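Chemist: with the sequence up front, the predicted model follows.
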Amino acid sequence: MIQVFTKTRHTKKIDKFLNSLNFEHKIVTIKDFSPLKKFDLGVSYCYPRKIVEPLLSTPPKGFFNYHPAPLPKYVGPNELEDAIKNKETRWGVTLHKMDENYDTGKIKKINEFQLHEPPTDPTELGSISHYFLFELFKETIAELYNKKL
């Protein structure tokens with residue numbers, strides 16, 4: 001079973017996609033209480049809280065984070081504002097194995113893309129990032145679950 005920790009606004013698309021793959025899953029938001037039960041794979045998909053022990057080491061297939069920015073350059077919750085300050089024209093989204101630190105751990109995949117111009121609005125850059133992040137999720141979740149990535 002996959003347990004996905006995410007924001008409420010992402011639950012429907014994640015649920016629909018995982019159902020299409022016939023993956024048993026549970027989606028948890030900050031509104032939910034999630035007792036430590038057995039699950040095979042943990043996923044943080046833009047979850048606004050840090051995953052800590054003992055939850056972090058619960059799933060035998062590991063815990064992975066889908067981060068809406070290129071790591072290791074853009075860590076933390078202010079990545080969009082930092083990209084605007086830096087006038088980035090290349091951007092990306094990252095999948096990494098989680099460890100006890102924030103936005104660290106072995107990077108599994110980064111999908112980079114060109115921006116037509118430096119971003120000026122975090123909402124716009126966020127929309128672009130989330131489009132590509134969900135594409136990365138769809139591209140990699142089965143491989144993660146099957147331990148092929």
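Modeler: Done, it's in.
Chemist: in this structure, which spans are strands?
Modeler: 2-6, 25-28, 41-45, 63-67, 90-97, 107-114 (DSSP state E).
Chemist: so who does the most centrally placed residue in the chain touch?
Modeler: What sits nearest the mean C-alpha location of the chain, by CA atoms, centre = their mean, is residue 66, with 1.7 Å. Residues near residue 66 by CB atoms under 8 Å, 6 or more residues apart in numbering: 43-46, 93-95, 133, 136-137. For glycine as for every other residue, the C-beta is placed from the backbone atoms N, C-alpha and C.
Chemist: with residue 14 instead?
Modeler: Applying CB under 8 Å, 6+ apart, the residues near residue 14 are 4, 6, 27, 45, 137.
Chemist: repeat for residue 47
Modeler: 5-7, 30, 65.
Chemist: for the helix ranked longest in the chain, which positions count as buried?
Modeler: Ranked by number of residues, the top helix in the chain under DSSP state H is helix 122-145. In terms of neighbour count (16 or more other CB atoms under 10 Å), helix 122-145 has its buried residues at 122, 125-126, 128-130, 132-134, 136-137, 140-141, 144-145.
Chemist: tell me how far residue 52 lies from residue 101.
Modeler: 11 Å (CB to CB, to the nearest Å).
Chemist: my guess is residue 90 contacts residue 113, does it?
Modeler: Yes - using CB atoms under 8 Å, residue 90 makes contact with residue 113 at a distance of 7.5 Å.
Chemist: show me the shaky parts of this protein.
Modeler: 34-36 (pLDDT under 70).
Chemist: apart from its chain neighbours, what residue comes closest to the residue of the chain most remote from its centre?
Modeler: Distance to the chain centre peaks in the chain at residue 117, reaching 24.7 Å (criterion: CA atoms, centre = their mean). Take residue 117 and drop its neighbours on the chain: the residue closest to it by CB to CB, 6 or more residues apart in numbering is residue 89, 6.9 Å away.
Chemist: count of neighbours near the one you found?
Modeler: 12 (other CB atoms under 10 Å).
Chemist: and it, how close does it get to residue 116?
Modeler: Counting by CB to CB, the gap from residue 89 to residue 116 is 8 Å.
Chemist: circling back: make CSV from the strands of the chain and add distance to residue 16 to it.
Modeler: Below are those laid out as CSV (distance: least, CB to CB, whole Å):
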stretch, distance to residue 16
strand 2-6, 12
strand 25-28, 11
strand 41-45, 14
strand 63-67, 16
strand 90-97, 20
strand 107-114, 21
